[in-house]
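Following is a predicted model, sequence given first.
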Amino acid sequence: MIYLYYSEKFQAYNFGPEHPFNPARLMLASKLMEEEGLLDGLVCRVEPEPAKEEDLRRVHTAEYIASVQAEEPDLAFGLGSDDTPVFTGIYQASRLLAGGSIDAARRIARENCSAFNIGGGLHHAMPSQASGFCVFDDPALAISVLREHFERVLYIDIDGHHGDGVQQIFYEDPDVLTISMHESGLYLFPGTGFVDEIGAGPGLGYSVNLPMPMYAGDEEYRRAFEEIVPRLFDWFQPQAVVAQLGVDTHYSDPLTTLNMTLSGYTYLVARIIALARQYAGGRLLALGGGGYNMEVVPVAWSCVLHLLRGEPLPEYLPPYWVEFFMNLVGREPLTLPDIEINVGEQTRARITAELENTLQGLKEKVNGIHKVF
């Protein structure tokens, strides 16, 4: 059984009409999944409950939780910034997204299944700080639940932005291996996630970062993934996997400067699912995350559910959903396969050289501790 976590109440996590984090993309993804007939005997939709305060305290401080609950701007806690403005109902809405990931983790531990919380993946939130559209760090909360049942949990993040909150929370924990592939912090928020961020104390060597060059596309992502990630799975031998599957690596995304296509994205997702099946008995919690082009995100996350089901990706979108989408968004949704972006010769040479240095430097860093590569 695959459990899909979605609620119409996810629409309440809304920073306003001008903010890029538009909750309508979640609703559109859910409707597409329904129209494609994916909610059947193999997939069970679950209406999540808000996270309890004692569960939030697994990761977040009591002072920070109280500040969110007060629903007043407080920049000491990152609340009220341009990225993460405060809105009426922010506490309840944030608890609901977190509650989905927490319940999914418990279900995975109980049933040895997989789950997908399309409203999850808020990987920038720190123990006492909201950041980058993220209030409660649901990936970290889910990992803390899984750690009660499994000795080793692997977190892999393919969002366009570095999974800095999750990395920091488990930076000294050798039982959680965090892997983040993201556009390099040289170019993009949050400005972190370099190869020398490798963990500390007992967790030294258990944080791995793959900062990708500006304008990196499918070819570079495939190469980086295959050179690094399978070896880490094989070395760490995870018993459960949490994957943040943000789609803001797409060439059309307004907040990043990467050149991934939907084909490249679904390749990475399929590989993560295969590795989770090979090493962790299929115990995989997939989370949504970033992605700010409305034409791309619903299609991408519907593809994730197809891949979790172990079936080929559809060749066309349901006409009723396309009509619904165009009436709401005013544009046509993207379909597979989308175009591959070609860059100039000099740009290609820069990308290749930068990636080569990154991969070599990362392998040296990790091998200096664990001899993985």
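Okay, I see it.

For residue 10, give me its contacts.
With contact taken as C-beta atoms under 8 Å, 6 or more residues apart in numbering, residue 10 is in contact with 23, 26, 27, 93, 96, 97, 119. Quick note: C-beta positions are derived from backbone N, CA and C, even for glycine.

hmm, try it at 6 Å
Taking C-beta atoms under 6 Å, 6 or more residues apart in numbering as the definition of contact, the neighbours of residue 10 are 23, 26, 119.

quick one: the helices in the stretch 201-350 of the chain?
Taking DSSP state H, counting those that start in this stretch, the helices of the stretch 201-350 of the chain run over residues 218-236, 262-280, 297-308, 319-329, 345-367.

try the stretch 51-200 of the chain
Across the stretch 51-200 of the chain, reading from the start of the chain, the helices by DSSP H, counting those that start in this stretch fall at 53-56, 62-70, 90-111, 138-146, 164-169.

re the thing from before, and the helices of the stretch 201-350 of the chain: which comes nearest residue 187?
Counting by C-beta to C-beta, residue 187 lies closest to helix 345-367 out of these; the figure is 10.7 Å.

what's that closest one in contact with?
195, 198, 213, 215, 216, 220, 227, 372, 373.

Just send the residues you listed back as JSON lines, with neighbour count too.
Compiled in JSON lines, the contacts of helix 345-367 are given as follows (neighbours: other C-beta atoms under 10 Å):
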{"residue": "195", "neighbour count": "19"}
{"residue": "198", "neighbour count": "20"}
{"residue": "213", "neighbour count": "24"}
{"residue": "215", "neighbour count": "19"}
{"residue": "216", "neighbour count": "27"}
{"residue": "220", "neighbour count": "22"}
{"residue": "227", "neighbour count": "15"}
{"residue": "372", "neighbour count": "15"}
{"residue": "373", "neighbour count": "15"}
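
of all these, which comes closest to residue 299?
Comparing those against residue 299 with C-beta to C-beta places residue 216 closest, at 21.3 Å.

how about low-confidence regions in the stretch 201-350 of the chain?
The stretch 201-350 of the chain contains no residues with pLDDT under 70.

Considering the contacts of residue 10, which is situated nearest to residue 44?
Among the contacts of residue 10, and counting by C-beta to C-beta, the member closest to residue 44 is residue 119, at 16.4 Å.
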